[in-house]
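Q: My questions are about this predicted structure, shown below with the sequence.
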Amino acid sequence: MEIFTRIDALRQYLDAHKETGGPISFVPTMGALHKGHLSLIEQAKLNGGLVICSIFVNPTQFTDPKDLEKYPRPLEHDINLLNTVGCNAVFMPSVEEMYPLWPEKEEWHIDLGETEFLLEGAFRKGHYQGVTQIVKKLFDAVQPNFAYFGQKDYQQILMIEKMVSFFQLNIEIVSCPIIREEDGLAMSSRNIHLTERDRKSALILFAALNFVKANYGKLTPSALISEASKMVNTEIGVELEYLSIADRKTLIPVKDDYKGKAVALIAAKVGNTRLIDNVLLD
Ligand SMILES: Nc1ncnc2c1ncn2[C@@H]1O[C@H](COP(=O)(O)OP(=O)(O)OP(=O)(O)O)[C@@H](O)[C@H]1O
Ligand SMILES: CC(C)(CO)[C@@H](O)C(=O)[O-]
Ligand code: BAL
């Protein structure tokens, strides 16, 4: 696997590939890779052509400096994992490479609509401006035909699709299913911070979502949220941030008479670790 830290070297490699043809598929990550990330690479491999993964812990999307500081960065392990799934190249730039003016913040603001301010956007203010800023820079560097994202970050996919249509980019966004541990916990790089006890308590997130899914259509959305929130709130060490049953495209909470397709999304602090998860309802 090729390793690049500079945009110009990556571009030379990609330009050489373009002469021989085949699509470029891109999997952006923040590293600390797990089977969820590897599933995105495996999906991307099905296109043929080149699969490029990026590892970059993007400072502009963090709203909590402690979260940024303690974000896991096991680079050597990540490179080994990428080799096992046949990734063609990894791009791991420095902060200065992506933000030449750093630590001065570059101007960036695009209209992502009202959805930006809901759920994750309400708890992590400015998060999606930071995400779209870096994803646009990475898209400019890689110029992929396809880009792969996990449904675990459901709202993120909507925001990236919005950014892609804002700039009229010719990139297909592919959304991939959530990969879970055997007991149902959604895989996440931040799971590494969970203590043994947190790890058990964390199961309440998926349990609450499953309760909502099993009873969707039998109980009203507001009754479901009330019951499922109680479940989460009785779990010691877990602090619920939001639990929402929402329209799949706008993430606006559905009304009680709504019976169509929706998504249930949850975020909670488990000990000191903030986790998110979601399930589709129909
Ligand atoms: N369990 C999972 N299943 C499928 N895709 C996933 C999973 N976890 C993360 N991804 C996807 O991998 C990509 C990179 O995510 P990221 O590097 O932030 O990992 P992460 O595990 O979500 O970490 P964290 O949430 O702790 O930041 C994103 O598109 C994300 O949605
Ligand atoms: C898309 C992304 C790589 C941008 O930093 C990040 O938000 C992530 O890993 O989901
Ligand atoms: N996977 C989403 C990136 C973040 O939590 O900042």
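A: Here it is on my side, so go on. Ligands and ions are numbered 1, 2, ... in the order given.
Q: How about the contacts made by the residue lying closest to residue 29 once chain neighbours are set aside?
A: Using C-beta to C-beta, 6 or more residues apart in numbering and skipping residues adjacent in sequence, the residue nearest residue 29 is residue 37, 5.3 Å away. (C-beta placed from N, C-alpha, C; glycine too.) With contact set as C-beta atoms under 8 Å, 6 or more residues apart in numbering, residue 37 has these partners: 27, 29, 53, 81, 150.
Q: Tell me the secondary structure of residue 37, please.
A: Three-state assignment for residue 37 (DSSP: H, G, I helix; E, B strand; the rest coil): helix.
Q: can you start the count at 812 instead of 1 from here on
A: Sure thing, new numbering starts at 812, so read that last one as residue 848.
Q: any idea how far it lies from ligand 3?
A: 10 Å (C-beta to the nearest ligand atom, to the nearest Å).
Q: Please list the residues of the stretch 862-1011 of the chain that sit near ligand 2.
A: 869, 872, 942, 945-946, 964, 967 (C-beta under 6 Å from any ligand atom).
Q: go with 8 Å
A: By the rule C-beta under 8 Å from any ligand atom, the part of the stretch 862-1011 of the chain lying against ligand 2 is 865, 867-869, 872, 941-942, 945-946, 949, 960-961, 964, 967, 971.
Q: how long is stretch 975-995 from one end to the other?
A: From its first residue to its last, stretch 975-995 covers 32 Å (C-alpha to C-alpha, to the nearest Å).
Q: now check it, is it near ligand 1?
A: Yes - counting by C-beta under 8 Å from any ligand atom, ligand 1 has neighbours in stretch 975-995: 987-991.
Q: and residue 830, what pLDDT?
A: For residue 830, the pLDDT comes out at 82.
Q: May I have the secondary structure class of it?
A: Per three-state DSSP, the secondary structure class of residue 830 is helix.
Q: how far away is it from residue 823?
A: 12 Å (C-beta to C-beta, to the nearest Å).
Q: for residue 1077, same thing?
A: Residue 1077 is 44 Å from residue 823, by C-beta to C-beta.
Q: The two: who's more crowded?
A: Using other C-beta atoms under 10 Å as the criterion, residue 1077 and residue 823 rank with residue 1077 on top: 24 against 12.
Q: Need phi/psi at that one.
A: For residue 1077, the backbone dihedrals are phi -140, psi 150 (criterion: degrees, to the nearest 10).
Q: I'd say it and residue 1019 touch.
A: Yes - Residue 1077 lies in contact with residue 1019 (C-beta atoms under 8 Å); the separation is 6.2 Å.
Q: Now for those two: what residues contact both?
A: 1043, 1054.
Q: As a check, name the ranges of all strands in the protein.
A: Under the criterion DSSP state E, the chain contains strands at 813-815, 835-840, 861-866, 900-902, 957-961, 983-987, 1049-1058, 1073-1081, 1084-1092.
Q: how about the residues of the stretch 862-1011 of the chain near ligand 1?
A: Within the stretch 862-1011 of the chain, the positions adjacent to ligand 1 are 882, 959-964, 967-968, 987-991, 997-1002 by C-beta under 8 Å from any ligand atom.
Q: can you do 5 Å?
A: Listed as neighbours of ligand 1 in the stretch 862-1011 of the chain under the rule C-beta under 5 Å from any ligand atom: 960-961, 963-964, 989-990, 997-1001.
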